[in-house]
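In: Show me the folded form of this:
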Amino acid sequence: MAKTPATIYVCQNCGGQSRKWQGQCPDCEEWNTLVEERFRPAAQNGGKIGVWSSNFNARSPIAFSEIESQDDARTTSGIDELDRVLGGGIVAGSLVLIGGAPGIGKSTIVIQMADKLCENSAKVLYVSGEESERQIKMRGERLGLSAGNLFLLPETNLQSILAEIDKLRPDFIIVDSIQTIFSEKIESAPGSVSQVRDVAGQFMMLAKQTATPVFLTGHVTKEGSIAGPKTLEHIVDTVLYFEGDRHHNHRIIRATKNRFGAANEIGVFEMTNTGLVPVGNPSELFLQERPEGSSGSVVTVCMEGTRPMLVEIQALVSSTKSASGRRMAQGFDYNRTSLLIAVLEKRLGFQLAGDDVFVNIAGGLEVDEPAADLGVIAAIASSFRNLQIPPETAVFGEVGLTGEVRGVLQAQSRAREAQTLGFKKLILPASNKIGLEKLLGIRVVGVKNLEEAMEELF
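Out: Here you go, the predicted structure:
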């Protein structure tokens, strides 16, 4: 007598499993996230799918000293900014997950990468679960791609996909998207926790066993995280997030996890009619529309991974008719903004309780490092006093609750970036000034507290 499929309840947030339905997940404590799913019994061969599974499990331990180093065994994607985010290129056998909002450019970047790889005589398989081969062809022609060695497979069945990969033996595999692929052994809809986890696990074994790089694209939720369980991000080697605003023409790819390079590294692209174009100098892009002769504007130097970037911080302080002023921050942490306003009121005597304070990072960039504290305070002070900060002045530094200006990491890289873009004066923490006095064409000023910083700014 055939066994009936087992029924379990899986949390759609964390992937936790339960034998019975509960209103609250016992693992992540989220409410109403348990969904019923059915699993078929394992096949006679133990549930192994494809030649990679059986060979993968038959491996023997290898001594660490006997393994050949592969530091230089990276393949360029043909896109400089993408190579930067990946840590220098594509590593053999890596599993890369690219997430982002609908229409932000995930499919565009992977098909552009496929075209560049085909130019180097690589064989690329593009598995599409959302578009037909005609739609992909139409988009490729619009982008002006030739892609002579690109093979398209509009398929959502995992077993069929693995069978075609076994026949074709491609050098690179692209799956668009992971939420549309389903496995026959699980009785649940594509995109569910169990399906995503099982499909990602199969592609992981395929990548490691055959040393074939696999790129997966994924949808994101309303909160901005990749749809599916967190185990999906744990399985893959690299997680890349697409960031950007539909009102701006630039896109940012950020590495939130990378086993082969620096995390939090970013690549900057400009969206054009011919696809995504890499931006070699993002600082010029974010400063090109900076206003002249206006108060409330200052340039700060941030680090995104290993790359220094100059960004403009804008602030607007205006009186309000309400009982208390509003605080609003775009591109910068709201709680951090409120803290810095409190420091300004306590340490410098600014009366901001009856004023609205708005802070904005120009260009739609998200800044989350403490080195931007001094820039935020300088912009607010400039708007409050209605005094312009000299346009050739840049600042950076962390601000403490007692008004001290603390040192930050990689001060030399930040200072050289400001020097390259022609800034004449740089205000930074006094502890970071050592070794920067010899920079030509730029005056470096070290400050210990906010009082010294205000004297230098105004």
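
In: contacts, neighbours, all on C-alpha from now
Out: Fine.

In: Which residues does stretch 258-266 contact?
Out: With contact meaning CA atoms under 8 Å, 6 or more residues apart in numbering, stretch 258-266 is reached by 81, 84-88, 91, 237-239, 252-257, 304-307.

In: Mind listing what's buried along that stretch?
Out: Neighbour-count burial for stretch 258-266, counted by 16 or more other CA atoms under 10 Å, picks out 258, 260-266.

In: Which residues does stretch 368-377 contact?
Out: Residues contacting stretch 368-377 (CA under 8 Å, 6+ apart): 298-303, 313-315, 332-333, 337, 340-341, 344, 359, 395-399, 405, 408.

In: From these, which land in helices?
Out: Secondary structure defined by DSSP state H assigns 337, 340-341, 344 of the contacts of stretch 368-377 to helices.

In: Let me know the secondary structure of the nearest residue to residue 345 once chain neighbours are set aside.
Out: Nearest non-adjacent residue to residue 345, counting by CA to CA, 6 or more residues apart in numbering: residue 351, 5.9 Å away. With DSSP: H, G, I helix; E, B strand; the rest coil as the basis, residue 351 sits in coil.

In: Residue 351: neighbour count?
Out: Neighbour count of residue 351, defined by other CA atoms under 10 Å: 13.

In: right, and it touches residue 343 too?
Out: No. The pair residue 351 / residue 343 is not scored as a contact, 11.2 Å apart, by CA atoms under 8 Å.

In: Please report how far residue 290 lies from residue 315.
Out: For residue 290, the distance to residue 315 equals 13 Å [CA to CA, to the nearest Å].

In: Could you do residue 277 as well?
Out: 31 Å.

In: what about the strands in the stretch 351-458 of the chain?
Out: Using DSSP state E, counting those that start in this stretch, the strands found in the stretch 351-458 of the chain span residues 355-361, 393-395, 398-399, 405-406, 425-429, 443-447.

In: Just tell me which of those ends up closest to residue 436.
Out: The minimum distance between residue 436 and the strands of the stretch 351-458 of the chain falls on strand 443-447, with 7.0 Å, by CA to CA.

In: The closest one to strand 425-429, inter-axis angle?
Out: Note on geometry: by axes from the mean of the first three to the mean of the last three CA atoms, to 10 degrees, strand 443-447 and strand 425-429 are set 30 degrees apart in direction.

In: chain center to strand 443-447: distance?
Out: 33 Å (CA atoms, centre = their mean, to the nearest Å).

In: and it, which residues are buried?
Out: 443-447.

In: ok, residues contacting it?
Out: By CA under 8 Å, 6+ apart, strand 443-447 touches 405, 424-433, 436-437, 453.

In: got the CA coordinates for that strand in PDB?
Out: Provided in PDB are the C-alpha atoms of strand 443-447 (Å, rounded to 0.1, in the frame of the first residue of the first chain):
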ATOM      1  CA  ARG A 443      44.600  71.200   4.000                       C
ATOM      2  CA  VAL A 444      44.000  68.600   6.600                       C
ATOM      3  CA  VAL A 445      42.500  69.900   9.900                       C
ATOM      4  CA  GLY A 446      42.100  67.600  12.900                       C
ATOM      5  CA  VAL A 447      39.400  68.400  15.500                       C
END
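
In: That one pairs with which strands?
Out: Here strand 443-447 is paired, per DSSP bridges, with strand 425-429 (parallel).

In: Name the residues of the partner strand that are buried.
Out: Neighbour-count burial for strand 425-429, counted by 16+ other CA under 10 Å, picks out 425-429.

In: pLDDT of it, averaged?
Out: Mean pLDDT, strand 425-429: 95.

In: cool, and stretch 13-28?
Out: Here stretch 13-28 scores 82 as its mean pLDDT.

In: Pull up the distance across it, start to finish.
Out: 8 Å.

In: Name the residues of that stretch that come out as buried.
Out: 13-18, 21, 25.

In: try stretch 283-297
Out: By neighbour count on 16+ other CA under 10 Å, the buried set for stretch 283-297 is 283, 285-286, 290, 294-297.

In: CA atoms of that stretch as PDB?
Out: Extracted as PDB, the C-alpha positions of stretch 283-297 are listed here (Å, rounded to 0.1, in the frame of the first residue of the first chain):
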ATOM      1  CA  SER A 283      31.600  60.200  -6.200                       C
ATOM      2  CA  GLU A 284      31.300  62.400  -9.300                       C
ATOM      3  CA  LEU A 285      27.900  60.900 -10.000                       C
ATOM      4  CA  PHE A 286      26.500  61.800  -6.500                       C
ATOM      5  CA  LEU A 287      28.100  65.300  -6.500                       C
ATOM      6  CA  GLN A 288      27.400  66.400 -10.000                       C
ATOM      7  CA  GLU A 289      24.100  68.200  -9.100                       C
ATOM      8  CA  ARG A 290      25.300  69.800  -5.900                       C
ATOM      9  CA  PRO A 291      23.900  73.300  -5.500                       C
ATOM     10  CA  GLU A 292      26.300  76.300  -5.100                       C
ATOM     11  CA  GLY A 293      25.900  79.000  -2.500                       C
ATOM     12  CA  SER A 294      23.300  77.200  -0.400                       C
ATOM     13  CA  SER A 295      23.300  76.600   3.300                       C
ATOM     14  CA  GLY A 296      22.600  73.200   4.800                       C
ATOM     15  CA  SER A 297      24.800  71.300   2.400                       C
END
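
In: Can you name the next helix or strand after the helix or strand of the chain with the lowest mean pLDDT?
Out: Using mean pLDDT, DSSP states H and E, the weakest-scoring helix or strand in the chain turns out to be helix 50-57, at a mean of 49. Where DSSP states H and E defines the elements, the next helix or strand beyond helix 50-57 is strand 74-75.

In: Now do that next one: everything it contacts.
Out: Residues outside strand 74-75 that contact it (CA under 8 Å, 6+ apart) are 88-92.

In: 6 Å instead?
Out: 89-91 (CA atoms under 6 Å, 6 or more residues apart in numbering).

In: May I have the strands that pair with that strand, each with its orientation?
Out: Going by DSSP bridges, the partners of strand 74-75 are strand 90-91 (antiparallel).

In: Show me what the lengthiest helix in the chain is packed against.
Out: Longest helix in the chain, counting residues (DSSP H): helix 193-210. In terms of contacts (3 or more CA pairs under 6 Å, 6 or more residues apart in numbering; DSSP states H and E), helix 193-210 is packed against no helix or strand at all.

In: How about the spatially most central residue of the chain: which residues does it bridge to?
Out: Taking CA atoms, centre = their mean, the centroid of the chain lies closest to residue 254, which sits 2.5 Å from it. For residue 254, the beta-bridge partners are residue 241, residue 266 (DSSP bridges).

In: Right, I'll call it a day here.
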